[in-house]
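Colleague: quick check, what structure comes out for this input:
(one chain, ligands or ions: 1)
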Amino acid sequence: MPFPFDISATEGRARTGVLKTPRGDIRTPAFMPVGTAATVKAMTVDQVKQTGADIILGNTYHLMLRPGPERMETLGGLHKFMGWDKPILTDSGGFQVMSLAGISKVKEEAVTFSSHIDGSKHVLSPERSIQIQADRIGADISMQLDQCVAYPAEKDAAKKAMELSIRWGARSKAAFGTRETQALFGIQQGSTFEDLRRQSSEQLREIGFDGYAIGGLAVGEGHQAMCEVLDYAPEMLPADRPRYLMGVGKPIDLVEAVYRGVDMFDCVLPTRAGRHGQAWTWEGPINLKNARFAEDQTPLDPTIDGPSSTYSKAYLHHLIRADEILGKILLSWHNIAFFQALTAAMRDAIQHGRFEQFRKDFHARHTSN
Ligand SMILES: CNc1nc2c(CCNCc3ccccc3)c3nc(N)[nH]c(=O)c3cc2[nH]1
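Modeller: Numbers count the residues shown, from 1 in each chain. A predicted model of the protein is given here:
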């Protein structure tokens, strides 16, 4: 029985609802902070909770290299290990292998690669990825193993990767079996080719998943090209199940993807940008390193609880300039809280039938650079 997904309101293609899991409810549209190596970088789980996040991401690739799948299970699984008792979604590791690992080889049977940490050899098959995600890490939501092609892609290469991903999707589903307290999401591929994405969607639907991700985007195509794919891709997927756009994105990407029917997001941007002094605001990103903040006593955002409303830009400017650890902590915390405030505002707008107005106001106020 898949997790109940109750859509409480829609406006055009945008939806708002709740994905109910044994470890807690996930309010959608949802932004999922990324916790690569069993930590949302520079934040305690309590701080992550305070931002309003309902779910975080774990990463099979990183965790299988360190501390290792079997040790993770010995230690009671990721929730216990890191002290996060709400839902965790893990990616299957294939994307990270292609972007992080040393030499890697993709075969029908599995991906083989050498660790970027110590060069050790590893094998990731659909079956092994499911075992690591669902049984060793204990993820509430696991992702099928897939192959994401770079952008731009030749249509033939995109077709081959999409068809391999479908075969791996079927093997992932078979390995996952039927579970009462855990879910498995399929991943749509097909690069920027509408017919490939349609073929992928139809075959994913036949296999049957608890939720469906849109993969193969945020790989360098840019906002415009991504939106052109999102003009059709989300609605090729079942309307009654969650749609997760992987690796996205900037605030403007979230607004435009929600407008086109996406429910769930993950991105390293809030924490990564925070560590480099960038703070996200309703007017767009600002960099606290900039001298113009040296005597600015206003807070980042008085409407957001926590560091966003309790510290001056001048203080944050000082911390970042001094490369103080606290600067990375406070800006990561603010950015995650801002992304939660953004998704909360979109949920509220859709619930009250004013998302169109929200989207217009957002564009008027936000200058993305
Ligand atoms: C940034 N752009 C982007 N990211 C993509 C990802 C990874 C999503 N983030 C997962 C993560 C988990 C923990 C720690 C860090 C990251 C994808 N994952 C899969 N499986 N397939 C994709 O097509 C795919 C496409 C992507 N584009």
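
Colleague: apart from its neighbours in sequence, what residue is nearest A101?
Modeller: For A101, ignoring the flanking residues on the chain, the nearest one in space by Cβ to Cβ, 6 or more residues apart in numbering is F113 at 4.0 Å. Just so you know, the C-beta spots here come from the backbone N, C-alpha and C atoms, and that holds for glycine as well.

Colleague: which SS class is that neighbour?
Modeller: Put simply, F113 is strand when judged by DSSP: H, G, I helix; E, B strand; the rest coil.

Colleague: for it, give me its contacts.
Modeller: By Cβ atoms under 8 Å, 6 or more residues apart in numbering, the residues touching F113 are V97, A101, G102, I103, S104, K105, K121, H122, L124.

Colleague: just P152 next, same as before
Modeller: S191, T192, E221 are the contacts of P152 under Cβ under 8 Å, 6+ apart.

Colleague: what does the stretch 201-350 of the chain have sitting close to the ligand?
Modeller: Along the stretch 201-350 of the chain, the residues adjacent to the ligand under the rule Cβ under 6 Å from any ligand atom are G215, G216, A218, V219, M246, G247, D266, V268.

Colleague: which pair of those residues spans the longest distance?
Modeller: The largest separation in these, counting by Cβ to Cβ, is between G216 and V268 at 17.6 Å.

Colleague: have a look at these two and say which one is more surrounded.
Modeller: Between G216 and V268, counted using other Cβ atoms under 10 Å, the more crowded position is G216 (33 against 13).

Colleague: and C148, helix, strand or coil?
Modeller: coil.

Colleague: max-length helix in this protein?
Modeller: helix 325-351 (DSSP state H).

Colleague: after that helix comes which helix or strand?
Modeller: Using DSSP states H and E, the helix or strand that follows helix 325-351 in sequence is helix 355-365.

Colleague: name the helices or strands packed onto that next one?
Modeller: Judged by 3 or more Cβ pairs under 8 Å, 6 or more residues apart in numbering; DSSP states H and E, helix 355-365 is in contact with helix 251-259, helix 325-351.

Colleague: over to D301: give its phi and psi.
Modeller: Backbone torsions of D301, given as degrees, to the nearest 10, read phi -160, psi 100.

Colleague: and the gap between the nearest residue to it once chain neighbours are set aside and the ligand?
Modeller: Excluding the flanking residues, the one nearest D301 by Cβ to Cβ, 6+ apart is S308, at 4.4 Å. Noted for S308: a distance of 24 Å to the ligand, by Cβ to the nearest ligand atom, to the nearest Å.

Colleague: contacting residues around the lowest-mean-pLDDT helix or strand in the chain?
Modeller: In the chain, no helix or strand scores lower on mean pLDDT, DSSP states H and E than helix 94-100, which sits at a mean of 92. Outside helix 94-100, the residues that touch it by Cβ under 8 Å, 6+ apart are 59-62, 104, 111, 113, 116, 124, 129, 145-148, 215, 246-247.
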